[in-house]
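Enquirer: sequence plus predicted model, see below.
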Amino acid sequence: MIEDVVRASNELTGRWARHACTGGTGVLSGAGLWPLLALLAAAAEGPGRAELQEAVGVDAAVADRGARELLEVLARGAAVDGAFGLWNRAGLPLEQWWLDAAPGGSRGELSGEPKADRRRLDEWVEQNTRGRLVRMPVEVTPGTLMVLATALSIDTRWRRPFQDFPFTPGEGPWSGRPRPLVGLSRGDTDFTPIALAETPGGPLTVFQVAGVDDVDVHLLMAAPGRPAGEALAAAIDALDGRHPMRRGTELLAEPVARTAPGVRLTTVTSFDPAPTLHMTTVRFDVTAEHDLLDRPEVFGLATVSAEAPDGHFPRISRTPLKVEQAAQDVNASFTAEGFKAAAVTAFSFDVGSAPPQQEALMLSVAFDRPFGFLARHRPTGLVLVAGWVAEPAEWPKDVPSGPSFW
């Protein structure tokens, strides 16, 4: 079932990106949200069950199993950790189905004292995101009956690190700044990382930055003016095999290279006649907070967040329940050495060297204007986080920049 679960989670990520990524800096994690929606789909009845089933993309009857499988994938990862937490108010009657269906992990009781409960939940977040996030994204009120949460953490180092350098783009929206950006560059004779995806909305250049373990980050460049969310969703589809991709040395053909956003094919003086691949990007650190109830229809939450006399989740409790809050906090950083990210998603419920020089081809790709990124679990293809970089990091004021020829 895991292939279906990964497909469904990636589709949720793509759909969410279309709505949420509008061109500003941002990041989101469909993989952190999907298990919670799947559990709710399995536990719901009535119209809310149908809406949640459509949102998660699998049969609600088996969605709880899919949630457990996806969380197991995250928990077993080398560079990624996943955790599940469930806290309910003391005295809230829980159905046996829910006790059996909910994944293992942290379980506890809410005291009804918001400050004490908030402290315990924040401690759980900090512990399960390696300190990158420190607060639960939903508030705990005296009326909160239950909180469900997932935590996702990524920490990988590149197989081949980049070199930092002060970077001043010569054109585009990042040119003309008073201070240079933190540029990252590396060269190679291996063309495996680069690909050109042919998507219905136009071509996308995709560059795979491999981690030493089981997570890669894919940087993507679209043509100027293409909507960010559409580009991210198209890249997810392409990596999942739904759009054709030209890979590696295929881009050394001039007609192909000319169509690839951000790519140039030039002739340079070199000590080795073999073609080379040169890649330039920027350091970034992206943080976002998402209120999922701002777009409840995207996540199948419109009905289950509304008042209903009998509630929406009879398989959880005979006490009528509705979704009170649904939120995600997420952070991601890309440096010369590696990639780190964390996401916490939560729902709360209330009642409702020098030989002779020769000429050689060099293919260069520059992510020197707003671009997207996807962190992807290599063994399964699960997209862990997706985001867009509109504001890169600037070169530190206290570090001399020296001359820059980029």
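Expert: Alright, I've got the coordinates.
Enquirer: counting contacts, what elements does the longest helix seen in the chain pack onto?
Expert: Across the chain, the longest stretch assigned as helix under DSSP state H is helix 2-20. Other helices and strands packing on helix 2-20, by 3 or more C-beta pairs under 8 Å, 6 or more residues apart in numbering; DSSP states H and E, are strand 26-28, helix 30-43, helix 47-56, helix 63-76, helix 228-239, strand 383-389. In short, each C-beta sits where N, CA and C put it, glycine included.
Enquirer: minimum distance to residue 115: which of those has it?
Expert: Closest approach to residue 115 among the helices and strands packed on helix 2-20 is made by helix 30-43 (24.9 Å; C-beta to C-beta).
Enquirer: give me the mean pLDDT for the closest one.
Expert: The average pLDDT within helix 30-43 is 97.
Enquirer: chain center to it: distance?
Expert: In terms of C-alpha atoms, centre = their mean, to the nearest Å, the centre of helix 30-43 is found 16 Å from the chain centre.
Enquirer: okay, the angle between it and helix 2-20?
Expert: 110 degrees (axes from the mean of the first three to the mean of the last three C-alpha atoms, to 10 degrees).
Enquirer: packing partners of helix 30-43?
Expert: Counting by 3+ C-beta pairs under 8 Å, 6+ apart, helix 30-43 packs on helix 2-20, helix 47-56, helix 63-76, helix 96-101, strand 146-157, strand 322-334, strand 338-350, strand 383-389.
Enquirer: my read: residue 110 touches residue 90, true?
Expert: Yes. Residue 110 lies in contact with residue 90 (C-beta atoms under 8 Å); the separation is 7.1 Å.
Enquirer: more neighbours: those two, which one.
Expert: Between residue 110 and residue 90, counting by other C-beta atoms under 10 Å, residue 110 is the more crowded of the two (22 against 9).
Enquirer: what sits against the more buried one?
Expert: By C-beta atoms under 8 Å, 6 or more residues apart in numbering, the contact set of residue 110 is 87-90, 117, 140, 144-147.
Enquirer: the same query, at a cut-off of 7 Å, please.
Expert: The contact partners of residue 110, taken as C-beta atoms under 7 Å, 6 or more residues apart in numbering, are 87-89, 117, 140, 144, 147.
Enquirer: one more: residue 229?
Expert: 17-22.
Enquirer: stretch 248-260: which residues count as buried?
Expert: For stretch 248-260, burial by neighbour count (16 or more other C-beta atoms under 10 Å) applies to 251, 257, 260.
Enquirer: repeat for stretch 14-27
Expert: Buried, per 16+ other C-beta under 10 Å, within stretch 14-27: 14-18, 20-21, 25-27.
Enquirer: with stretch 214-223 instead?
Expert: 214-222.
Enquirer: on the three-state scheme, residue 126 is what?
Expert: helix (DSSP: H, G, I helix; E, B strand; the rest coil).
Enquirer: now do the same contact list for the residue found closest to residue 49 once you drop the neighbours it is linked to in the chain.
Expert: Leaving aside its sequence neighbours, residue 49 sits nearest to residue 60 (C-beta to C-beta, 6 or more residues apart in numbering; 5.4 Å). Shown in contact with residue 60 (C-beta under 7 Å, 6+ apart): 41-42, 49, 52-53.
Enquirer: picking that back up, could you dump the buried residues of stretch 214-223 to a markdown table with distance to residue 275?
Expert: Shown next, in a markdown table, are the buried residues of stretch 214-223 (distance: C-beta to C-beta, whole Å):
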| residue | distance to residue 275 |
| --- | --- |
| 214 | 30 |
| 215 | 28 |
| 216 | 23 |
| 217 | 24 |
| 218 | 22 |
| 219 | 21 |
| 220 | 22 |
| 221 | 20 |
| 222 | 25 |
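Enquirer: closest to residue 349 among these?
Expert: residue 215 (32.3 Å).
Enquirer: residue contacts, the closest one?
Expert: Per C-beta under 7 Å, 6+ apart, neighbours of residue 215: 79-80, 154, 156, 375, 377-378, 384.
Enquirer: any idea how far residue 282 is from it?
Expert: 20 Å (C-beta to C-beta, to the nearest Å).
Enquirer: can I get stretch 267-277 as CSV, trimmed to CA atoms?
Expert: Extracted C-alpha coordinates of stretch 267-277, given in CSV (Å, rounded to 0.1, in the frame of the first residue of the first chain):
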residue,chain,number,x,y,z
THR,A,267,32.7,26.8,-24.6
VAL,A,268,35.5,27.4,-22.0
THR,A,269,39.2,27.0,-21.8
SER,A,270,40.0,23.9,-19.8
PHE,A,271,42.8,21.4,-19.0
ASP,A,272,40.4,18.5,-19.7
PRO,A,273,38.4,18.1,-22.9
ALA,A,274,35.6,16.4,-21.0
PRO,A,275,32.3,18.4,-20.7
THR,A,276,31.7,19.8,-17.2
LEU,A,277,28.6,20.8,-15.3
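Enquirer: in it, which residues are buried?
Expert: Those would be 276-277, for stretch 267-277 by 16+ other C-beta under 10 Å.
Enquirer: make TSV from the contacts of residue 229 and add pLDDT to it.
Expert: Output for the contacts of residue 229, formatted as TSV (pLDDT from 0 to 100):
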residue	pLDDT
17	97
18	96
19	94
20	95
21	95
22	93
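Enquirer: distance to residue 233 added to those, as a markdown table?
Expert: Putting those into a markdown table (distance: C-beta to C-beta, whole Å) gives the following:
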| residue | distance to residue 233 |
| --- | --- |
| 17 | 5 |
| 18 | 5 |
| 19 | 10 |
| 20 | 11 |
| 21 | 9 |
| 22 | 13 |
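Enquirer: figure out which of the helices and strands packed on helix 2-20 is closest to residue 338.
Expert: Here strand 383-389 is closest among these (C-beta to C-beta), at 14.2 Å.
Enquirer: give me the contact list for the closest one.
Expert: Contacts with strand 383-389, where a contact means C-beta under 7 Å, 6+ apart, come from 10, 13, 17, 21, 25-31, 80, 152, 154, 215, 228, 232, 236, 284, 286, 330, 332, 341, 343, 370-377.
Enquirer: strands paired with that strand, and their directions?
Expert: Strand 383-389 has the following strand partners under DSSP bridges: strand 26-28 (antiparallel), strand 371-377 (antiparallel).
Enquirer: using PDB, write out every CA atom in the longest helix of the chain.
Expert: Listed next in PDB are the C-alpha coordinates belonging to helix 2-20 (Å, rounded to 0.1, in the frame of the first residue of the first chain):
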ATOM      1  CA  ILE A   2       2.900   2.300   0.600                       C
ATOM      2  CA  GLU A   3       3.200   3.200  -3.100                       C
ATOM      3  CA  ASP A   4      -0.400   4.400  -3.100                       C
ATOM      4  CA  VAL A   5       0.200   6.300   0.100                       C
ATOM      5  CA  VAL A   6       3.300   8.100  -1.300                       C
ATOM      6  CA  ARG A   7       1.300   9.000  -4.400                       C
ATOM      7  CA  ALA A   8      -1.600  10.400  -2.400                       C
ATOM      8  CA  SER A   9       0.700  12.400  -0.100                       C
ATOM      9  CA  ASN A  10       2.600  13.900  -3.000                       C
ATOM     10  CA  GLU A  11      -0.700  14.800  -4.700                       C
ATOM     11  CA  LEU A  12      -1.800  16.600  -1.600                       C
ATOM     12  CA  THR A  13       1.500  18.400  -1.500                       C
ATOM     13  CA  GLY A  14       1.100  19.500  -5.100                       C
ATOM     14  CA  ARG A  15      -2.500  20.600  -4.600                       C
ATOM     15  CA  TRP A  16      -1.500  22.600  -1.500                       C
ATOM     16  CA  ALA A  17       1.400  24.200  -3.200                       C
ATOM     17  CA  ARG A  18      -0.800  25.400  -6.000                       C
ATOM     18  CA  HIS A  19      -2.900  27.300  -3.500                       C
ATOM     19  CA  ALA A  20      -0.300  28.400  -1.000                       C
END
